[in-house]
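In: sequence unavailable; structure follows:
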């Protein structure tokens, strides 16, 4: 196949909206994984703490499932995080 994620994201046919959605999901899941690892919690431990299955946590981390807001709240709360809406860097209205 020869293509990678960077090639996919640089594809001119990819809409700006879809590119922004993908970038948000990548950043969100990356921060989620970082928070879990910083706390020293395994996927199984987080699953038990959040009421989800370990396989659900794994799917989120592999980005093979897009999390619903309630799921994000379930996994972020035991990690000591919450969801917030903040202005983006560009300051677009």
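Out: Nice, I can see it. Here the structure is a predicted model, which means the values were calculated and not measured.
In: state the distance from the residue positioned nearest the centre of the chain to residue 12.
Out: Most central in the chain under CA atoms, centre = their mean is residue 29, positioned 2.0 Å from the mean C-alpha point. Distance, residue 29 to residue 12, by CB to CB, to the nearest Å: 25 Å. For the C-beta atoms, the positions are set from N, CA and C on the backbone; glycine is no exception.
In: ditto for residue 60
Out: With CB to CB as the criterion, residue 60 and residue 12 are 30 Å apart.
In: and those two? Which one has more around it.
Out: residue 60 (22 against 4; other CB atoms under 10 Å).
In: coming back round to it: thought the residue nearest to the centre of the chain was touching residue 58?
Out: No. Judged on CB atoms under 8 Å, residue 29 makes no contact with residue 58 at a distance of 11.6 Å.
In: for the lengthiest helix in the chain, packing partners?
Out: Counting residues, the longest helix found in the chain (DSSP state H) is helix 16-39. Contacts defined by 3 or more CB pairs under 8 Å, 6 or more residues apart in numbering; DSSP states H and E place helix 16-39 against helix 5-9, helix 54-61, helix 69-76.
In: next, the angle from that helix to helix 69-76.
Out: Angle, helix 16-39 to helix 69-76, by axes from the mean of the first three to the mean of the last three CA atoms, to 10 degrees: 30 degrees.
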